[in-house]
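Peer 1: Requesting a structural model of the entry that follows:
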Amino acid sequence: MRERPEEMLLCVSELATNALRYGVPPGRGYLLRLFGFEDATVRVEVHDSGPGFSRITGRPHGHGLTLVAALADDWGVLARTPGKVVWCEFRRAAVRAAAQAAARQSGV
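Peer 2: Coordinates of the predicted model:
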């Protein structure tokens, strides 16, 4: 997707940095996966093997996930054994507009 490359790059950097700083025990690595879907949605996943659960904390140095939440169309955390997967998605403008319209109509 060519619509939002800077936002996507910043989110990849933030998720990978969080995995390295907080989610990777010594001697282990993390996995970065990118998926492209037919509707032009791009999904970024960072898998790590560390304990804990990623969340927005409000700490002075804890702005990475706040940035991801602000820039990506959606994001979340999935449990896995061991560790977790932190993901975010970016949608093409037309797909994003349709999803927002559907949410408004359903009252979400």
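Peer 1: OK, contacts around the residue nearest the centre of the chain?
Peer 2: Nearest to the geometric centre of the chain sits residue 88, at 2.5 Å (CA atoms, centre = their mean). Residues near residue 88 by CB atoms under 8 Å, 6 or more residues apart in numbering: 11, 15, 43, 44, 68, 72, 73, 74, 75. All C-beta atoms are positioned from the backbone trio N, CA, C, and that covers glycine.
Peer 1: Surely the fourth one and residue 16 touch.
Peer 2: No: under the contact definition of CB atoms under 8 Å, residue 44 does not touch residue 16, with a separation of 9.3 Å.
Peer 1: the more surrounded of these two?
Peer 2: Taking neighbours as other CB atoms under 10 Å, residue 44 and residue 16 compare with residue 44 leading, 23 against 17.
Peer 1: what about that one, is that helix, strand or coil?
Peer 2: strand (DSSP: H, G, I helix; E, B strand; the rest coil).
Peer 1: those helices in the protein, which residues are they?
Peer 2: 5-18, 64-71, 93-106 (DSSP state H).
Peer 1: Look up how far residue 85 lies from residue 47.
Peer 2: 5 Å (CB to CB, to the nearest Å).
Peer 1: Beta-bridge partners for the closest residue to residue 32 other than its chain neighbours, please?
Peer 2: Of all residues not flanking residue 32 in the chain, residue 46 sits nearest, at 5.5 Å (CB to CB, 6 or more residues apart in numbering). Note on residue 46: beta-bridge partners residue 32, residue 86, judged by DSSP bridges.
Peer 1: and residue 46, what does it touch?
Peer 2: 15, 16, 18, 19, 30, 31, 32, 33, 85, 86, 87.
Peer 1: Residues that sit against both of residue 44 and residue 16, list them.
Peer 2: Contacts common to residue 44 and residue 16, judged by CB under 8 Å, 6+ apart, are residue 32.
Peer 1: so residue 78 sits right up against residue 43, yeah?
Peer 2: No: using CB under 8 Å as the test, residue 78 is too far from residue 43 to be in contact (11.7 Å).
Peer 1: I'd like to check which residues are in contact with residue 78.
Peer 2: 84, 85, 87.
Peer 1: In this structure the first one contacts residue 48, no?
Peer 2: Yes: when contacts are counted by CB under 8 Å, residue 84 is listed as touching residue 48 (6.3 Å).
Peer 1: Alright, I will stop here.
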